[in-house]
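Asks: Structure for this input, please:
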Amino acid sequence: MTLLRPLHLFFLALAYSLGAAIADYLGLAFSLSAFALGLAGICLAHASMNLLAEVFRPANEPLVPGQPHAERVYLRDRLLVVSIGLLAAAAALAYRLYHIQRLPLPAFAALALSLLILFAYSVPPLGLARRGFGELLLAAHIGYVAPLLGFVLQAGDFHRLVPILALPVTALALAYFLVLDFPSFAEDLKYERLTLLTRLGWQRAIPLHHGLVLAAFLLLAAAPLFGISLRLIWPAFLTLPFAIFQIYLLRSLALGARPLWKPLAVAAAALLALTIYLLAFSLYLR
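Replies: Okay, here's the model as predicted:
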């Protein structure tokens, strides 16, 4: 169950619902069948992406510490079968959307982008999850592709409101995944594992994290420049205490303070989840 990363799927479902909330705010008719099929499909695809990354994990990195080679091979074979089954189920849901005429070209393009990210993240020869770029793809899939798909399955077309709200969410998602790299930083360096943090180094990663969090709120604050009322998005700024606390903890770490990994991870997760939820809730209320 851990390999499926349930918390990531929770973020994905929230972000997908944000896309549907944008469609509702624009006064478009809500299709429960399209919403449910799309949500199930993108969750299955994301779960498959997580499992495939473990299937193609380097041979010198067992899935479980101290795991015998024969058991490792057996588990990876089983994970490969499950991953293929999840992808097949996602494809069946996409066909069902097409069958009920809820898969217009923009929705097909969003599904294709999701599939591209899936294979680029987990499957060789790219396998970007092991090259220090996996966090970027995870953030893009959760923060941008999920709300895009949630919207186009309801609207049948693109709208400028989607990137205006999805880009700040993507920035917070990337900050979250960067935070998750810190507890294993020393071990990743020891075993020469490439993550976004080891690729950047903590000296550059910490300012990048702060910049991502600040950029997310600046993008939201700039929404009125694109014709979006600040009354629509102000609830997202209620999460600023989590952002400040998160930046404070990382700044303290850079100054040599004792690391508080659990509060840092909780603050980053709460910031991402609550920002998405408050944006979606505000849109539904309007």
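Asks: which residues touch the residue of the chain most remote from its centre?
Replies: What lies farthest from the middle of the chain is residue 70; by C-alpha atoms, centre = their mean that is 33.1 Å. Neighbouring residues of residue 70 by C-beta atoms under 8 Å, 6 or more residues apart in numbering: there are none. Where you see a C-beta, it was placed from the backbone N, CA and C, and this is true even at glycine.
Asks: So for the helix or strand that contains it, what gets flagged as buried?
Replies: Residue 70 is located in helix 69-99, with elements delineated by DSSP states H and E. Residues of helix 69-99 classed as buried: 72, 75-76, 79, 82-83, 86-87, 89-90, 93-94, 96-97 (neighbour count, 16 or more other C-beta atoms under 10 Å).
Asks: could the residues you listed go into JSON lines alongside distance to residue 171 and pLDDT?
Replies: Listed next are those as JSON lines, based on distance: C-beta to C-beta, whole Å; pLDDT from 0 to 100:
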{"residue": "72", "distance to residue 171": "37", "pLDDT": "74"}
{"residue": "75", "distance to residue 171": "35", "pLDDT": "83"}
{"residue": "76", "distance to residue 171": "34", "pLDDT": "86"}
{"residue": "79", "distance to residue 171": "31", "pLDDT": "91"}
{"residue": "82", "distance to residue 171": "32", "pLDDT": "94"}
{"residue": "83", "distance to residue 171": "29", "pLDDT": "95"}
{"residue": "86", "distance to residue 171": "28", "pLDDT": "96"}
{"residue": "87", "distance to residue 171": "29", "pLDDT": "96"}
{"residue": "89", "distance to residue 171": "31", "pLDDT": "97"}
{"residue": "90", "distance to residue 171": "27", "pLDDT": "96"}
{"residue": "93", "distance to residue 171": "29", "pLDDT": "96"}
{"residue": "94", "distance to residue 171": "29", "pLDDT": "96"}
{"residue": "96", "distance to residue 171": "33", "pLDDT": "96"}
{"residue": "97", "distance to residue 171": "29", "pLDDT": "95"}
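Asks: For residue 189, state which of these is nearest.
Replies: When those are ranked by distance to residue 189 (C-beta to C-beta), residue 72 comes first, at 23.7 Å.
Asks: Please determine how far the closest one is located from residue 57.
Replies: In this view, residue 72 and residue 57 are 9 Å apart by C-beta to C-beta, to the nearest Å.
Asks: name the element the closest residue in space to residue 100 that isn't next to it in sequence belongs to?
Replies: Spatial nearest neighbour of residue 100, chain neighbours left out: residue 33 (6.4 Å); criterion: C-beta to C-beta, 6 or more residues apart in numbering. Element membership for residue 33, per DSSP H and E: helix 32-55.
Asks: and the angle from that helix to helix 69-99?
Replies: Angle of helix 32-55 versus helix 69-99, following axes from the mean of the first three to the mean of the last three C-alpha atoms, to 10 degrees, is 160 degrees.
Asks: Just the buried positions in helix 32-55, please.
Replies: 34-35, 37-39, 41-55.
Asks: Please work out the angle formed by the directions of whichever strand or helix holds residue 22 and helix 32-55.
Replies: Under the criterion of DSSP H and E, residue 22 resides in helix 6-25. Angle of helix 6-25 versus helix 32-55, following the same axes, to 10 degrees, is 150 degrees.
Asks: Nearest spatial neighbour of residue 5, chain-adjacent residues omitted?
Replies: residue 50 (5.1 Å).
Asks: again with residue 165
Replies: Nearest one to residue 165, counting by C-beta to C-beta, 6+ apart, is residue 279 at 5.9 Å.
Asks: how near is residue 73 to residue 57?
Replies: From residue 73 across to residue 57, the span is 12 Å (C-beta to C-beta).
Asks: quick one: contacts for residue 269?
Replies: By C-beta under 8 Å, 6+ apart, the neighbours of residue 269 are 7, 176.
Asks: wait, isn't residue 250 in contact with residue 264?
Replies: Yes: counting by C-beta atoms under 8 Å, residue 264 is a contact partner of residue 250 at 7.0 Å.
Asks: who touches both of those two?
Replies: Joint contacts of residue 250 and residue 264 (C-beta under 8 Å, 6+ apart) are 179, 182.
Asks: Same drill for those two, tell me which one is more crowded.
Replies: residue 250 (26 against 21; other C-beta atoms under 10 Å).
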